[in-house]
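pasting a predicted model and its sequence here:
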Amino acid sequence: MSAQHPTAEPDYQVSDALDTDAYGIYAGLTAEDRAVADRVRAFLTPEVLGEMRQAWDRAEYPLSVVQQMGQQDLLRDGVPVEGMPEVSRVAAGLATMEMARGDGSLATVIAVQGGLAMRSIQLCGSEEQKQKYLPPMARGELLGAFALTEPTHGSDAVGLETTADRTDGGWVINGHKKWIGNGSAGGITVVWARSTEDQKVRGFIVPQESEGYSASPILGKVSLRAIHQADIEFRDVFVPEENVLPEATSFRDTSRVLFSTRVGVAWSAMGLALGCFESALQYVQQRQQFGRPLAASQIVQERLARMLSELTQVQLLVLRAAQLEEREELTGAQASLAKYSATRAARSIAQNARDLLGGNGILLEHRVGRHFADIEALHTYEGTETVQALIIGRDLTGHSAFA
């Protein structure tokens, strides 16, 4: 009589894109917008996703993948660059969503390189600066960082203490920045500093090889581990006049850049939520418990319905925000509502997805645990939940409650 051997656990396939769209929200997209999203999906091959999973596990920043993104024109978040095709705000959002569904760190690369660094130059730079920096940044040949946050000034970024002193031929910057994506990867950093001349916030393009510029990656992160954020010190860093952003003369100009990026963060959160939902949906149909698929359980179906409800609401909200932005009708409060709602929903969806996968939900190969962790960073950066709520509340009541 042969011995009974335990059944091996199946190799669960949970990473397929299911194109979840319960209300046909994307049915009216143009062919051009769809093509941008399709290009991202084609880029995220099993090999690229496998490399990113390993990079996340090892807390490494795979710059070769970033360069490939540039070669495929996937870095600029819709920022217009001479000689490159126009990309609508909807298409840029869809691209970020697709990238985030595959990997949250890569979606953050787009937010940093295109949404923050390139957009700062596009909105606040001179024509000469745009021609010099934007094309190589779009191609991934030059990395860009956006240095606003400081060790003691996160949500109250308007109180930044990094200083810029006017001197012969330019400015001298001193201070400290923290949580700066691409800040130690080589390239340039768009630095926001307070002029000692008039106390106004100004923008500067600083090559990272500049004397006095010292940066190191922040270690020990549990989120977005496959992109490096830096701790930066500026010690008498000289910036020539040609590297001063002429249209960046107050914190209001900084806010213009952040406003344009906020909806992109909402798209990213939605992509991570979509990845979690679709992984959970595929898993419960394959996982057998008590002699039947998990999907045949009432409580599992109720959770899936709840997740789909949250996801669909955010899909509608974020697409509408992108359409308003395209028409230049989006308000600051609307952008904040998109980010506020998307990251809250993504948190809830990821929590349920992780639970539905049981112990398998914390394995990197099933992506849900990694997405769950990455959503925590999105919930904080580009304005915390509290800051977004205060922006919305100010718009509702006419009273500012920031102080």
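Okay, I see it. Numbering: from 1, shown residues only.

mind listing what's buried in the longest helix belonging to the chain?
Determined from DSSP state H, the single longest helix within the chain is helix 251-286. By neighbour count with 16 or more other C-beta atoms under 10 Å, helix 251-286 contains the buried residues 251, 253-254, 256-284. In short, each C-beta sits where N, CA and C put it, glycine included.

pretty sure residue 331 contacts residue 392?
No: Residue 331 is beyond contact range of residue 392, at 10.3 Å (criterion: C-beta atoms under 8 Å).

higher neighbour count, these two?
residue 392 (18 against 13; other C-beta atoms under 10 Å).

which ones are touching that one?
333, 336, 337, 340 (C-beta atoms under 8 Å, 6 or more residues apart in numbering).

now, which of those lie within helices?
Using DSSP H, the contacts of residue 392 in helices are 333, 336, 337, 340.

what sits against the second one?
Which is residue 336. So residue 336 contacts 262, 383, 387, 388, 391, 392 (C-beta under 8 Å, 6+ apart).

who wins on neighbours among the ones in helices among the contacts of residue 392?
residue 336 (26 neighbours).

tell me which element the residue most central in space within the chain is part of?
Geometric centre of the chain, nearest residue: residue 108, 3.3 Å, by C-alpha atoms, centre = their mean. Residue 108 is part of helix 104-110, with elements assigned from DSSP states H and E.

which neighbouring elements make contact with the helix or strand harbouring residue 314?
Using DSSP H and E, residue 314 sits in helix 298-326. Applying 3 or more C-beta pairs under 8 Å, 6 or more residues apart in numbering; DSSP states H and E, one finds that helix 298-326 contacts helix 89-102, helix 251-286, helix 332-356.

remind me what the second one packs against, helices and strands.
I take that to be helix 251-286. helix 89-102, helix 104-110, helix 119-124, strand 201-207, strand 292-293, helix 298-326, helix 332-356, helix 368-380.

quick one: closest of these to residue 169.
strand 201-207 (13.5 Å; C-beta to C-beta).

quick check: buried residues in that closest one?
201, 202, 203, 204, 205, 206.

which ones are touching the closest residue to the first one other than its chain neighbours?
Going back to what we said before, that points to residue 201. Once flanking residues are discounted, residue 201 sits nearest to residue 251: 4.4 Å by C-beta to C-beta, 6 or more residues apart in numbering. When the contact criterion is C-beta under 8 Å, 6+ apart, the partners of residue 251 are 157, 158, 200, 201.

just give me the closest of these to residue 222.
For the contacts of residue 251, the closest approach to residue 222 (C-beta to C-beta) belongs to residue 157, at 23.6 Å.

which neighbouring elements make contact with the helix holding residue 108?
Counting by 3+ C-beta pairs under 8 Å, 6+ apart, helix 104-110 packs on helix 46-58, helix 63-71, helix 89-102, helix 251-286, helix 368-380.

try it again with 10 Å
Counting contacts by 3 or more C-beta pairs under 10 Å, 6 or more residues apart in numbering; DSSP states H and E, helix 104-110 is packed against helix 31-43, helix 46-58, helix 63-71, helix 89-102, strand 170-181, helix 251-286, helix 368-380.

what pLDDT, on average, does it get?
Mean pLDDT, computed over helix 104-110, is 97.

same check, this time on stretch 214-225
96.

same check on stretch 160-179?
Averaged over stretch 160-179, pLDDT sits at 96.

contacts for the worst-scoring helix or strand of the chain on mean pLDDT next, please.
Lowest mean confidence among the helices and strands of the chain (mean pLDDT, DSSP states H and E): strand 288-289, at a mean of 90. Contact with strand 288-289 is made by 7, 9, 10, 294, 296, 297, 300, 358, as judged by C-beta atoms under 10 Å, 6 or more residues apart in numbering.

compute the number of surrounding residues for residue 113.
31.

same question, the one 3 residues further on
Neighbours of residue 116 under the rule other C-beta under 10 Å: 26.

for it, helix, strand, or coil?
On the three-state scheme (DSSP: H, G, I helix; E, B strand; the rest coil), residue 116 is labelled helix.

can you check the pLDDT for it?
On the pLDDT scale, residue 116 is placed at 96.

any idea how far residue 106 is from it?
For residue 116, the distance to residue 106 (C-beta to C-beta, to the nearest Å) stands at 15 Å.

now do residue 99
5 Å.

need the overlap of contacts for these two.
40, 43, 44, 69, 74, 268.

list the buried ones in stretch 363-373?
366, 367, 368, 369, 370, 371, 372, 373.

hang on, the earlier thing: need the helices and strands packed on helix 251-286 in JSON lines (columns: distance to residue 140).
Shown next, in JSON lines, are the helices and strands packed on helix 251-286 (distance: least, C-beta to C-beta, whole Å):
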{"stretch": "helix 89-102", "distance to residue 140": "14"}
{"stretch": "helix 104-110", "distance to residue 140": "10"}
{"stretch": "helix 119-124", "distance to residue 140": "16"}
{"stretch": "strand 201-207", "distance to residue 140": "17"}
{"stretch": "strand 292-293", "distance to residue 140": "43"}
{"stretch": "helix 298-326", "distance to residue 140": "24"}
{"stretch": "helix 332-356", "distance to residue 140": "26"}
{"stretch": "helix 368-380", "distance to residue 140": "22"}
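
related to what we said a few turns ago, so what sits against both of residue 331 and residue 392?
Shared contacts of residue 331 and residue 392, counting by C-beta under 10 Å, 6+ apart, come down to residue 337.

can you put the helices and strands packed on helix 104-110 in JSON lines and add distance to residue 19?
Converted to JSON lines, the helices and strands packed on helix 104-110 look like this (distance: least, C-beta to C-beta, whole Å):
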{"stretch": "helix 31-43", "distance to residue 19": "10"}
{"stretch": "helix 46-58", "distance to residue 19": "18"}
{"stretch": "helix 63-71", "distance to residue 19": "22"}
{"stretch": "helix 89-102", "distance to residue 19": "10"}
{"stretch": "strand 170-181", "distance to residue 19": "30"}
{"stretch": "helix 251-286", "distance to residue 19": "9"}
{"stretch": "helix 368-380", "distance to residue 19": "18"}
